[in-house]
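J.: Here's a sequence, model it:
(2 chains)
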Amino acid sequence: MDLLKNLISLTELHSKRCNLYRNYIDTIFPREAPIKRLADLPWIPVRAFKEFDLKSISDNDVYKIMQSSGTGGVQSKIFLDQETSKLQQAKLIEIFSEVFGGSRYPMLVIDSLETVKDRYKFSARTAAINGFTLFSRQRAFALNDDLSINFDLIDEFLEKHSGKTIFIFGFTFVVWRHFIKQLEDANKKYDMSNAFVLHGGGWKKLENEKVDNDEFKDRIYRAIGCEKVHNYYGMIEQTGSIYMECSHGNLHAPSGADVIIRNFEDFSENEFEKVGIIQIFSDIQKSYPGHSLLTEDVGYSLPANSCKCGSVGTVLKVLGRLSRAEVRGCSDAVSR
Amino acid sequence: MLSVDDRSGFDVISKVSSKRRAPCSDLVVSFLSALSKSILSRRESKQYPDLVTFAFFCRRSSIKRIKSSCVDSQVRLGWGVALHVAPANVPINAAFTFVFGLLSGNSNIVRLPSKTWPQIDLFLAIYNEVSGQNDFAEIGEANRFIRTAHDSVELLELVSSVDALVVWGGDATVAHFRSMQKKPRCAELYFPNRTSSLVVDAKYICALNEAGLKDLVDNFYNDTYLVDQNACSSPLKIGWVGDDSSISIAKDSFFRELKILLSNKSYALDPVARIDRYIDVMYDAESACSSMVLEQIDTDVWLQEEKGLTNGRFGRYHSYNVVAFADFIPDLSDDQTLSHCGFSSDELRRELIDAGSCVDRVVPVGQALNIGVIWDGVNLLSRLSRIISVN
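T.: Residues are numbered from 1 along each chain as shown, chains lettered A, B, ... in the order given. As a prediction, the model looks like this:
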């Protein structure tokens, strides 16, 4: 398996170049055991990027530092050199073009300009919007600063690009709460049947509204007449290697990446269909040890051939996030 | 239960009657005895060992013992109104801190953590019932349990108006309350984060029969896994005293028995706490600047052999092999509780005093979490009351 080989050499590479990574994996993962499958690879919690500066390149080679604010405002710091940055872009282009074709489109961002403008509020949202701007020809923001809909702007945008394929992008809950619901409340409909929608960022915030993927798609169709709606799963710690929803409604691992599920009880590997903690692998992380990450997301996996779409990537079903149970013990020992 | 984030709740609090009493007054002793009986008579209480322990603490005989240890109680009085900030995650300590304040002769306002706990809800229901009885009306009028936001104006106002303040919490909570405005004479007591240790006589363990070993790991469990090894007095360092071969035999039998116990109890740590444990290892690796020897004995039993590092919780212990107890003392630098197995508390205390150690408390294994009027080296009864002296 090529992926496993690549990941083993990435583990070796980062062991050589990142002292903290080496000291950590040498402490936790005994060297004697041979690595025969993905589950045998050393891993780090994805949260480690919020707590430590983990990089495998010299300061001079740092081309870009990506930061995202997580819950509680603690930021992940991802160090990129030019090579990794290029690999991420190439991967994203590969995945995107497979589903949406290889050109650039007028892009309607379901968010406010404020979200990307304010450098101090840099978030996963900002990162995603800017990342996907790669596929835009012209970009417009559908929401005002207060996240209300800018109807005039949308009218203008649609008029300007009439007849063209439009790329609509936004965070799942923003698209739902600040676009679809607002359109419904205003009793306003658009004809965006020539558009496609890409959305990601998780369903957690929509839990109380009991909306699932089917309902989401249905309501989008009714509000803007768009049938092509794709969800994706991804995170800043593995930018580029996103899990894109196929035409059959399944998220698949992209090439050069894979996913396994670990059980809650002892973190050993789960078989397909069994719910546990999602661990993601990707072979393009050269500048930081992010090739094998235990997330705090909950889900299960299915073999690629369980989906009729023909993709060879493992199917991932994301169910939500691990929630911190009532941890016992002295109070703020919990959050460092 | 009141929320003071609005004025209506705050007004009720500002009317708390602030009659100062002598420590362990007859009324308080009778009230606590009635409270204890009521807790123990309820079937629901049995589910919460911590609530039962609390009820035993409140029994007349136990309070009498405390009273007799407080020799000058006849010439003492409480400060007035004491505000207690209860810890977020050792639920029953909210009840204990209230009782310490009450025994010292104060009126009490106890700020409960925002998280709710079933044993605290039960405690409050029983408290309301008992303090609602005619005999104890005075107690009901003088004490309140409240919830507030961390930074509400009302909380700040409350802190600035009380005569005594008791804060249980992490270092950040303590720093927060220390910086608030208080009355010039406010008596302040803080219980910040601490760490704790266990010292084990290897030969003693080697000599234990099966029942003795079972008891030992049972006690150890109560000190550690009962609270996910995350209480200040739960040991995080274990010192094994003896020669190499007895230490190795002692470790083997101890952990073999512990694994059986954890599996019998179906102990499972929260997955997020387990992930925290990996992060903790990374912190240690960062400060050690090298890899460390870590033995993963069981899913939630990790033994790390590395000295001088401080974090450890959620089933990860720092392990030290030493020839004599004296060799372990330098590693107990900032410790609160030293629990032990196979030693005498008095002898250990003597050695700690001779060595000028910081340890505040020496208890046999199994009693690490038992809170009492003396905590963190402080007698709460004396600190929460004043002596009226005569010449």
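J.: and the stretch 1-150 of chain B, which of its residues are near chain A?
T.: Residues of the stretch 1-150 of chain B found near chain A (C-beta under 8 Å from any C-beta of the partner chain) are B:P87, B:A88, B:N89, B:V90, B:P113, B:K115, B:W117. Just so you know, the C-beta spots here come from the backbone N, C-alpha and C atoms, and that holds for glycine as well.
J.: Compile the residues you listed into CSV and extend it with columns for distance to B:P23.
T.: Putting the residues of the stretch 1-150 of chain B next to chain A into CSV (distance: C-beta to C-beta, whole Å) gives the following:
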residue, distance to B:P23
B:P87, 24
B:A88, 28
B:N89, 29
B:V90, 24
B:P113, 27
B:K115, 31
B:W117, 29
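J.: And those residues, which of them are buried?
T.: In terms of neighbour count (16 or more other C-beta atoms under 10 Å in any protein chain shown), the buried residues within those are B:P87, B:A88, B:N89, B:V90, B:P113, B:W117.
J.: Which single one of the residues of the stretch 1-150 of chain B next to chain A is nearest to chain A?
T.: The closest of these to chain A turns out to be B:A88 (C-beta to the nearest C-beta; 3.7 Å).
J.: A helix includes A:F196, no?
T.: No: when the secondary structure is assigned by DSSP: H, G, I helix; E, B strand; the rest coil, A:F196 falls in strand instead of a helix.
J.: Let me see the contact set for it.
T.: Contact analysis of A:F196 by C-beta atoms under 8 Å, 6 or more residues apart in numbering or on different chains lists A:F100, A:T165, A:I166, A:F167, A:I168, A:C226, A:K228, A:V229, A:H230.
J.: Of those residues, which is the nearest to chain B?
T.: For chain B, the nearest member of those is A:H230. The distance, counting by C-beta to the nearest C-beta, is 29.7 Å.
J.: So for the helix or strand hosting the closest one, mean pLDDT?
T.: With the criterion set as DSSP states H and E, the secondary-structure element containing A:H230 is strand A:228-233. Averaging pLDDT along strand A:228-233 gives 96.
J.: likewise stretch A:52-61?
T.: The model assigns stretch A:52-61 a mean pLDDT of 96.
J.: which of the contacts of A:F196 count as buried?
T.: Burial of the contacts of A:F196 was assessed by neighbour count (16+ other C-beta under 10 Å); the buried members are A:F100, A:I166, A:F167, A:I168, A:C226, A:K228, A:V229, A:H230.
J.: Let me see the contact set for A:S148.
T.: For A:S148, the residues meeting the contact criterion (C-beta under 8 Å, 6+ apart) are A:H178, A:Q182.
J.: Helices of the stretch 101-250 of chain B, start to end?
T.: With DSSP state H, counting those that start in this stretch as the definition, the stretch 101-250 of chain B shows helices at residue ranges B:118-131, B:137-142, B:153-159, B:171-178, B:202-207, B:210-223, B:244-264.
J.: Low-confidence ranges, chain B, go.
T.: Counting by pLDDT under 70, chain B contains low-confidence residues at B:1-8, B:89, B:307-311.
J.: Which residue would be the closest one in it to chain A?
T.: The nearest approach of chain B to chain A comes at B:N230, 2.2 Å away (C-beta to the nearest C-beta).
J.: if we can go back for a sec, determine which of the helices of the stretch 101-250 of chain B approaches A:S292 most closely.
T.: helix B:244-264 (28.2 Å; C-beta to C-beta).
J.: and the two most separated of the buried ones among the contacts of A:F196?
T.: Pairwise distances across the buried ones among the contacts of A:F196 (C-beta to C-beta) peak at 14.1 Å, for the pair A:I166 and A:H230.
J.: about what we covered before: tell me how many other residues crowd the residue of chain B closest to chain A.
T.: Using other C-beta atoms under 10 Å in any protein chain shown, B:N230 is surrounded by 25 other residues.
J.: Now do the lengthiest helix in chain A: which elements does it pack against?
T.: Within chain A, and with DSSP state H defining each element, the longest helix by residue count is helix A:82-100. For helix A:82-100, the elements it packs on are helix A:124-132, strand A:243-245, judged by 3 or more C-beta pairs under 8 Å, 6 or more residues apart in numbering or on different chains; DSSP states H and E.
J.: Report the angle between the helix or strand of chain A with the lowest mean pLDDT and helix A:124-132.
T.: Every helix and strand in chain A was compared by mean pLDDT, DSSP states H and E; the lowest is strand A:64-69, with a mean of 78. Between strand A:64-69 and helix A:124-132, the angle formed by their directions is 140 degrees, by axes from the mean of the first three to the mean of the last three C-alpha atoms, to 10 degrees.
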